[in-house]
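>>> Everything below, folded, please.
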Amino acid sequence: MVVQELSDAQIDRVFRALADATRRDIVRRTLTGEASVSELARDYDMSFAAVQKHVAVLEAADLVAKIPRGRERIIRGNPETIRRAQELLGHFEQLWRGRIDRLDALFAEDAPQD
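Residues are numbered from 1 along each chain as shown. You can find the predicted model right below:
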């Protein structure tokens with residue numbers, strides 16, 4: 001399966017959204033099961049409106065989807081966006097590991113031989 005890369009603007013939205021502990025918790029909760037905004041709001045020491053704002057930030061980053069179900073709005077996590085972000089971080093990890101390996105090789109060349 002080929003996963004689309006995130007644009008720079010999408011990457012910025014995803015990581016800004018995930019920079020907040022409450023939003024990370026909402027993503028975690030909605031990846032394991034759907035929840036209404038009301039259900040989410042019960043578990044936080046903040047207003048319903050504040051939780052709605054957190055959900056809106058996550059929705060703008062495509063980390064969750066808001067699905068109308070009757071009078072409620074059900075929040076469902078989007079694992080595809082998480083997967084894309086994970087692939088981006090994996091790419092950065094490979095890049096840095098390669099640099100560290102080259103640096104280790106350079107130090108090994110300069111090490112005094114017994």
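>>> check contacts around residue 86.
For residue 86, no residue counts as a contact, taking Cβ atoms under 8 Å, 6 or more residues apart in numbering as the criterion. Any C-beta I mention is one placed from the backbone N, CA and C, and that applies to glycine too.
>>> Distance of it relative to residue 93?
From residue 86 across to residue 93, the span is 10 Å (Cβ to Cβ, to the nearest Å).
>>> do the same with residue 46
In this structure, residue 46 and residue 93 are 34 Å apart, going by Cβ to Cβ.
>>> Now residue 37: closest residue in space, sequence neighbours ignored.
Nearest residue to residue 37, sequence neighbours excluded (Cβ to Cβ, 6 or more residues apart in numbering): residue 73, at 5.3 Å.
>>> Next, the contact list for the one you found, please.
36-37, 66-67.
>>> Do a quick rundown of the helices in this structure.
In the chain, the segments counted as helices under DSSP state H are 8-18, 21-32, 37-42, 48-60, 79-110.
>>> mean pLDDT for the ones you listed: which is lowest?
Ranked by mean pLDDT, those end with helix 79-110 in last place, scoring a mean of 83.
>>> Off-centre distance for it?
In terms of Cα atoms, centre = their mean, to the nearest Å, the centre of helix 79-110 is found 19 Å from the chain centre.
>>> List the buried residues for it?
Taking 16 or more other Cβ atoms under 10 Å as the neighbour-count basis, helix 79-110 is seen to contain the buried residues 81-82, 84-85, 88.
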